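K.L.:
Build me a structure from this.
(2 chains)
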Number of protein chains: 2
Amino acid sequence: MQHDDNKPDFCDSLTWNEQGLIPAIAQDYRSGRVLMVAWMNREALRLSVAEGRAVYWSRSRTKLWRKGEESGNVQKLHEIRVDCDQDVLLLQVEQIGGAACHTGRESCFFSRLDGDRWVAVDNVLQDPDTLYGRSP
Amino acid sequence: MQHDDNKPDFCDSLTWNEQGLIPAIAQDYRSGRVLMVAWMNREALRLSVAEGRAVYWSRSRTKLWRKGEESGNVQKLHEIRVDCDQDVLLLQVEQIGGAACHTGRESCFFSRLDGDRWVAVDNVLQDPDTLYGRSP
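P.N.:
Numbers count the residues shown, from 1 in each chain, chains lettered A, B, ... in the order given. Reported below is the predicted structural model:
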């Protein structure tokens, strides 16, 4: 999507970090389950709005990441909110495929503090090798 | 609380940023509403666990911030989770007083993207001046 950066838009009031990024929390719009946190740059946010699906900025791959482009587990966008400091986004999404996490779990937040250690407490719903088309 | 930093603990497996901080999402443990995002250092996280309430690190005041210390709107801690990258925490909390936001709203995420602008869509539940004991 082309965008004239001289034209004011809803990105201007947001607080972007020194890398030009803002964190986005994805929450299941029905269950309220917090699924994951990822990053967006201006282009990712504009594309998310324009395409009605979550598009992030992958810091490790340094490129746009249309969530589900590989796995099919697209996040359909229902709503975007911003917090009072304008530095965190909250997305209400419909998680296609049921698994947001690369481990094949519903949520990336599958480890719970139990006493003094973190314990994985959620089931794997989808085999990550199948999810990403890898050979066993 | 004293802590021997040479003793391994649940903080060691977390990914702390270059300032020694990790972001923490506070979610209402009953409704699932995402209330706010703040930061913790190791001491804040240990104190949160030890005291059963959310303790953050205030980046603006550069000191520990026991949520509710001024307003009374304490966040009782029900659960802590971490994501698959170990770089974001998710707290399930009971928000005493009903308002997590300094504006007196339930959630800091009270602004929704409506077309090309952000619109405050949630009601103020508590007068912030009363909340923080300020004169009108």
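K.L.:
switch to C-alpha atoms for all contacts and neighbour counts from now on
P.N.:
Fine.
K.L.:
Write out the residues of chain A neighbouring chain B.
P.N.:
A:9-10, A:31-33, A:36-37, A:79-84, A:88, A:90, A:101, A:108-113, A:116-118 (C-alpha under 8 Å from any C-alpha of the partner chain).
K.L.:
I'd guessed residue A:57 sits against residue A:64; true?
P.N.:
Yes - judged on C-alpha atoms under 8 Å, residue A:57 makes contact with residue A:64 at a distance of 4.6 Å.
K.L.:
And the two? Which one has more around it.
P.N.:
residue A:57 (23 against 17; other C-alpha atoms under 10 Å in any protein chain shown).
K.L.:
Sheet partners, orientation included, of the strand or helix carrying the more buried one?
P.N.:
According to DSSP states H and E, residue A:57 maps onto strand A:55-58. Using DSSP bridges, strand A:55-58 pairs in its sheet with strand A:63-66 (antiparallel).
K.L.:
Buried residues, the partner strand. List them.
P.N.:
Neighbour-count burial for strand A:63-66, counted by 16 or more other C-alpha atoms under 10 Å in any protein chain shown, picks out A:64-66.
K.L.:
again with stretch A:99-117
P.N.:
A:99-113.
K.L.:
average model confidence for that stretch?
P.N.:
Across stretch A:99-117, the average pLDDT comes to 96.
K.L.:
Go ahead and name everything in contact with that stretch.
P.N.:
For stretch A:99-117, contacts defined as C-alpha atoms under 8 Å, 6 or more residues apart in numbering or on different chains pick out A:33-36, A:73, A:98, A:118-128, A:131, B:9-10, B:79-84, B:90.
K.L.:
Any idea how far apart the tips of it sit?
P.N.:
With C-alpha to C-alpha, to the nearest Å as the measure, stretch A:99-117 spans 24 Å from end to end.
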